[in-house]
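J.: here are the coordinates; sequence isn't available:
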């Protein structure tokens, strides 16, 4: 049985050290996910690049959070849901929105609901999107660019969610207060 190492600046492969240094500088710590990703410098670089590009997309902080957390919750990522809760707080996203996402509750606006529904259909249907969902998405004010940007966010989240599943990455101390488990809905 293989266990994953959470690398630091001393143990990381040489090609990952500069990425870990950047992570330490921008986060004030090396998140556990980054320590795990450091095992594969190529995957770590891909993750960092996708993250940077997604945050530069046309989505605002609320919309980024809706895409990230909808995917995190759907993938049941024990690490990313708490981490993105903390990130959302740092981005000044309304805590009510963050809690709604964590608990699979309705979004506060029709536009954000259309974004979440579209994101989840793309995830669940492996990139296929019904015409009716496309119409709702476009009617909410989004366009083809945003459809493609969801794919960009999903690409980033596949790397982090799947890595955390494989490595069973422990939640960082900074995000432990946002620990999360998927709520099981009870039939009424």
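T.: That came in fine, so what should we check first? Only a predicted model underlies this, so the values are computations on that prediction, with no experimental measurement involved.
J.: Surely residue 59 is in contact with residue 67?
T.: Yes - between residue 59 and residue 67 there is a contact under C-beta atoms under 8 Å: 6.7 Å. Where you see a C-beta, it was placed from the backbone N, CA and C, and this is true even at glycine.
J.: which one of those two has more residues nearby?
T.: A side-by-side neighbour count of residue 59 and residue 67, using other C-beta atoms under 10 Å, places residue 67 first with 27 against 22.
J.: Next, work out how far apart that one and residue 118 are.
T.: Distance of residue 67 to residue 118, computed by C-beta to C-beta, to the nearest Å: 9 Å.
J.: if I look at those two, which residues touch both of them?
T.: By C-beta atoms under 8 Å, 6 or more residues apart in numbering, residue 67 and residue 118 have these common neighbours: residue 150.
J.: Helix or strand: which one has the residue lying closest to residue 48 once chain neighbours are set aside?
T.: Using C-beta to C-beta, 6 or more residues apart in numbering and skipping residues adjacent in sequence, the residue nearest residue 48 is residue 19, 6.1 Å away. Residue 19 belongs to helix 14-27 when assigned by DSSP states H and E.
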